[in-house]
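> missing the sequence, but the structure's below:
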């Protein structure tokens, strides 16, 4: 319904979601280039599950199917979730997580725009809490493992759990850069020696540092399109980098520098695509900065001192709880009134 | 003495309408921690029921002599004494289970549903009514613990009645039902960990309100029907 041409119309959700999906593409392409076709298989599995569960929930709730199914929000959730699981995880894991994300975290809370917690991160948390062993089995980037799987072999492994004869999963597996650093530090190796291993590149992990660049490009596109406010990614990455710098300066032999923390794990993907979720993040400018900064600090602490592979998901979920409070505390003053007085 | 109708009313409140776990949502600490399988849940539920049965009767019997200002400490003393008895009994007769339930047996003392019934019901009603109220409230909670424990065990490990040998001795080990074959090594940790208890309880509460709502709709429907019938006959 268009009114006069000088009234700004909000961008339809469908277009927003299309742009978010488009912004993910460069990162996804690099990710698939580095880790193989498994990445795309996970995305396909998650998308199909998300649409099916979304349709089922809408039907149960007596809502119209067409407008909600075609808005693309379920697909974006599914894609983010698929990007968070290891590319060679068995098929049922991403299906289960997507079903939990859409059914439990989204629709049980009231559907689109009503959820307290980021659905993709809830799905991820369910997996990491329930299946820690499978969730930490990452394949080495192609060309870095002792052996590697071709496209068909990857499909076979994801769907049947069978590897080509004479190959054990250990031969293609590799600890992620974050896990490697934590384990080796635990064994008392100096940081400089750990980072000299071939799985580490100039700043992050070999191969994965290019993927990180892909997320960054997509994120800048979203900001340029005015779809994400700058406070969220800047606050998040800034706080993560500052915390990492502080620890690094205090003990450079034990704590990796800020570059390493920005370029490994899900930090960059999280900063532009997960922390920026418009439903679960605060809406005031200062609130956004505070929310993102605290999430960044938490990510660092969980990552370095916790026992999970990465801290992004739990940091975001914890901060989601604080979102209503942050929104309330950072409400800007109404024009013409003094701050702190009831409007 | 109480008549049949009053007794039925008390029992219905305890078991369903005012269910401790699903409606009053009291005493959640044991509900959430111990309900990781049926055996643990039912055992703690029955121990709590026993305490509530006797404490209800005792508080009701003593209610004339308890000064109003001092009632809380006195009720707690009565409850604590009874819990100690249950604690010693479990230790003596089902020692394996006693070790599993651990701190949660002495903690029955602080379970708010026990004190809540002493305060809200037993201090104002007769001995028989109070004993019945305590028992049915306890059994209502036991029911919730059994269903929640069963759900978590089934989803988390694919078994039912695991740990039954702790109650009936090693001969009972074969009674464990493996819904999913044991050699499949099925495990869904989330259901066993504390979040599983919260999810499970939430679904049970939702399920109860759905049932109640359907019953209310049906009752309303039949009233409308009766109303139209009346107007037609008139």
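Received it, and whenever you're ready, just let me know what you need. Fair warning: this is a prediction, and the values are worked out from it, not measured in the lab. Residues are numbered from 1 along each chain as shown, chains lettered A, B, ... in the order given.
> okay, CA-based contacts and neighbour counts for the rest of this
Noted.
> Verify the stated contact: residue B:50 with residue B:137.
No - using CA atoms under 8 Å as the test, residue B:50 is too far from residue B:137 to be in contact (10.5 Å).
> got the residues of the stretch 51-200 of chain A near chain B?
By the rule CA under 8 Å from any CA of the partner chain, the part of the stretch 51-200 of chain A lying against chain B is A:126, A:129, A:130, A:131.
> burial of the residue of chain B found nearest chain A, as a residue count?
Taking CA to the nearest CA, chain A has its nearest neighbour within chain B at residue B:189, 4.3 Å off. Residue B:189: 21 surrounding residues under other CA atoms under 10 Å in any protein chain shown.
> got the contact list for the residue lying closest to it once chain neighbours are set aside?
Distances taken as CA to CA, 6 or more residues apart in numbering or on different chains place residue A:130 nearest to residue B:189, at 4.3 Å, with adjacent residues excluded. Residue A:130 sits next to B:188, B:189, B:190 when contact means CA atoms under 8 Å, 6 or more residues apart in numbering or on different chains.
> Let me have those residues in a markdown table, adding secondary structure, distance to residue A:285 and pLDDT as columns.
Shown next, in a markdown table, are the contacts of residue A:130 (DSSP: H, G, I helix; E, B strand; the rest coil; distance: CA to CA, whole Å; pLDDT from 0 to 100):
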| residue | secondary structure | distance to residue A:285 | pLDDT |
| --- | --- | --- | --- |
| B:188 | coil | 41 | 88 |
| B:189 | helix | 39 | 87 |
| B:190 | helix | 36 | 88 |
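> about what we covered before: can you tell me which residues contact the residue of chain B closest to chain A?
A:129, A:130, A:131, B:156.
> Can you tell me the SS state at residue 152?
Picking chain A for this. Secondary structure, DSSP: H, G, I helix; E, B strand; the rest coil: residue A:152 is helix.
> Tell me the buried residues in stretch A:28-36?
A:28, A:30, A:31, A:32, A:34, A:35, A:36 (16 or more other CA atoms under 10 Å in any protein chain shown).
> How confident was the prediction at residue 62?
Let's take chain A. pLDDT for residue A:62: 90.
> my bad, chain B
pLDDT, read off for residue B:62, is 93.
> Number of residues surrounding it?
Neighbours around residue B:62, by other CA under 10 Å: 14.
> ditto for the one 3 residues further on
Residues contacting residue B:65 under the criterion other CA under 10 Å number 9.
> Help me confirm that it is found in a strand?
No - counting by three-state DSSP, residue B:65 is not part of a strand but coil.
> Could you tell me how far it is located from residue B:220?
Separation of residue B:65 from residue B:220 (CA to CA, to the nearest Å): 46 Å.
> before we move on, what about residue B:50?
Taking CA to CA, one finds residue B:50 at 38 Å from residue B:220.
> tell me, what residue is most central in chain A?
For chain A, residue A:270 is the residue whose C-alpha lies nearest the centre (CA atoms, centre = their mean; 4.3 Å).
> Repeat that for chain B.
Among the residues of chain B, the one closest to the centroid is residue B:141, at 1.0 Å (CA atoms, centre = their mean).
> State the helix or strand in which that one lies.
In the assignment (DSSP states H and E), residue B:141 maps to helix B:127-157.
> Contacts (any at all) between chain A and that helix?
No - judged by CA under 8 Å from any CA, helix B:127-157 stays clear of chain A, getting no closer than 9.3 Å.
> The following helix or strand past that helix packs against which elements?
Helices and strands here follow DSSP H and E; after helix B:127-157, the next one along the chain is strand B:159-160. With contacts taken as 3 or more CA pairs under 8 Å, 6 or more residues apart in numbering or on different chains; DSSP states H and E, strand B:159-160 sits against helix B:127-157, strand B:177-178.
> Can you tell me the strand partners of strand B:159-160 and which way each runs?
In the sheet, strand B:159-160 lines up against strand B:177-178 (antiparallel) (DSSP bridges).
> who touches the strand it pairs with?
The contact list for strand B:177-178, computed with CA under 8 Å, 6+ apart, reads B:158, B:159, B:160, B:161, B:162.
> could you flag which of these are buried?
B:158, B:159, B:160, B:161, B:162.
> Dump those into CSV; add pLDDT as well.
Below are those laid out as CSV (pLDDT from 0 to 100):
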residue, pLDDT
B:158, 86
B:159, 87
B:160, 88
B:161, 86
B:162, 84
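> Mind putting those into JSON lines with distance to residue B:201?
Below are the buried ones among the contacts of strand B:177-178 laid out as JSON lines (distance: CA to CA, whole Å):
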{"residue": "B:158", "distance to residue B:201": "19"}
{"residue": "B:159", "distance to residue B:201": "19"}
{"residue": "B:160", "distance to residue B:201": "18"}
{"residue": "B:161", "distance to residue B:201": "19"}
{"residue": "B:162", "distance to residue B:201": "20"}
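> ok, so of those, who is nearest residue A:290?
Residue A:290 has its nearest neighbour among these in residue B:158, at 43.7 Å by CA to CA.
> Check whether the closest one really touches residue B:179, as I assumed.
Yes - between residue B:158 and residue B:179 there is a contact at 5.4 Å, judged by CA under 8 Å.
> what separates the residue of the stretch 1-150 of chain A found nearest chain B from residue B:195, distance-wise?
At 4.3 Å from chain B, residue A:130 is the closest residue in the stretch 1-150 of chain A, using CA to the nearest CA. To residue B:195, residue A:130 is 11 Å away according to CA to CA.
> before we move on, the earlier item: tabulate the buried residues of stretch A:28-36 in JSON lines, adding columns for secondary structure.
Output for the buried residues of stretch A:28-36, formatted as JSON lines (three-state DSSP):
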{"residue": "A:28", "secondary structure": "helix"}
{"residue": "A:30", "secondary structure": "helix"}
{"residue": "A:31", "secondary structure": "helix"}
{"residue": "A:32", "secondary structure": "helix"}
{"residue": "A:34", "secondary structure": "helix"}
{"residue": "A:35", "secondary structure": "helix"}
{"residue": "A:36", "secondary structure": "coil"}
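> okay, these in a markdown table with pLDDT and distance to chain B next?
Shown next, in a markdown table, are the buried residues of stretch A:28-36 (pLDDT from 0 to 100; distance: CA to the nearest CA, whole Å):
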| residue | pLDDT | distance to chain B |
| --- | --- | --- |
| A:28 | 94 | 29 |
| A:30 | 93 | 33 |
| A:31 | 92 | 29 |
| A:32 | 91 | 29 |
| A:34 | 88 | 31 |
| A:35 | 88 | 28 |
| A:36 | 87 | 28 |
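> Just give the number of residues close to residue 93.
Answering for chain A, as no chain was given. Neighbours of residue A:93 (other CA under 10 Å): 24.
> ah, no, chain B please
What residue B:93 shows, counting by other CA under 10 Å, is a neighbour count of 11.
> Alright, that wraps it up for me.
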